[in-house]
Each structure stands twice: as C-alpha cells, then as structure tokens.
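> Need coordinates for the below:
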Amino acid sequence: MMENKNDKISILYVDDEENNLFSFKATFRLKYKIYTAISGSKAIEIVQKNPIDIIITDQRMPEMTGVEFLEEIIKLDPEPMRILLTGYADMGAVIDAVNKGKIFHYLNKPWSEEELDQTIQRAYEIYTKRKKLLETYSKLELSNEQLEFLLRQKLLS
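Prediction:
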C-alpha cells in the first residue's frame, strides 16, 4: 500500500527558519521519513520527486506564504494531507488555509512534540482511509463498466 520502502510515513516540513527544520528533523527522524525545505519553491521540487504523505508548513515565509505554497501543491498533487503552522494569531491566514490550502489541521507555533505527533497520526489515518476508498471506487467503476458491456452484448445478441 505505501510507496516508501521502509514503510515510514513520509513527511515534508517547510519552514524558512533553519533551526526549526533541524529541530523537527531531530525530533521525528527516527519515527518518520523526513524531508525538509527552507522555502515553498524548494518544497515543490521535493514533492515533484518524492512520494509525500503529509506536508507541514509554516505560514509566514518571505518568498511565498504557507497558504500560497499549499495552493500550488494542490495543483501538483492533491493527495498529501496538509498541516499549517503559524506563530501568530493570524485568523485570516487560518481561514485562507482552510478555504484555499484545504488544510487538514492548523497548529500554533512553537509546536509541541506530542500535539504535532498526534496530528500527524490522525492525518495519516485519514490519508490511508481516503486512498483505500479511492482504490475501491475505481475498482467499482471498472466492474460497473464491465457489467454494462456484458449487458449490452446480451441485449444485442
């Protein structure tokens, strides 16, 4: 089911503060397959080259905001679950993140390891359930097409 060879959840963490990237990686590298990016454009390159399950992004970044980055990601690959981090009580950004970035969850910075870990686990649960539903749906679609074909053959003969 999972594309990762080591069966770890793959997470992309995007933040323009290098210290945050280091501490995220240090905290979660044993449990998850971690990718980090210092900007939205670097993160987009990573998503283009690697299967990513969950994306966690900071909102306030110089070149593109977290929400703008997530909007780009949706065009590229709508599959990964999206989590927004923001250190400000920036409700406008949160509302945009929900509406435009279609985020799964929003957390305040600085994040707590436990809360972030629980959010990752819940996001991944939903991610895998959604993937299974889509697989089931496409199998049903195929079966339906085959049945219609057989029915048409019967009616024509």
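> where exactly do the strands run in this structure?
Assigned by DSSP state E, the chain shows strands spanning 10-14, 33-37, 54-58, 81-86, 105-108.
> what distance separates the first one from the middle of the whole chain?
Meaning strand 10-14. Centroid displacement of strand 10-14 relative to its chain, using C-alpha atoms, centre = their mean, to the nearest Å, is 8 Å.
> Check stretch 15-23 too.
With C-alpha atoms, centre = their mean as the basis, stretch 15-23 stands 19 Å off its chain's centre.
> list the buried ones in that stretch?
Neighbour-count burial for stretch 15-23 flags 15, 16, 20, 21, 23 (criterion: 16 or more other C-beta atoms under 10 Å). All C-beta atoms are positioned from the backbone trio N, CA, C, and that covers glycine.
> cool, and stretch 77-92?
In terms of neighbour count (16+ other C-beta under 10 Å), stretch 77-92 has its buried residues at 80, 81, 82, 83, 84, 85, 86.
> pLDDT added to those residues, as a markdown table?
Conversion of the buried residues of stretch 77-92 to a markdown table gives the following (pLDDT from 0 to 100):
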| residue | pLDDT |
| --- | --- |
| 80 | 96 |
| 81 | 96 |
| 82 | 94 |
| 83 | 93 |
| 84 | 90 |
| 85 | 89 |
| 86 | 83 |
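> rewinding a little: weakest of the strands of the chain by average pLDDT?
The weakest mean pLDDT among these belongs to strand 105-108, with a mean of 82.
> Tell me the strands beside that strand, with direction?
Paired neighbours of strand 105-108 in the sheet (DSSP bridges): strand 81-86 (parallel).
> And the strand it pairs with, how far out from the chain middle?
With C-alpha atoms, centre = their mean, you get 9 Å for strand 81-86.
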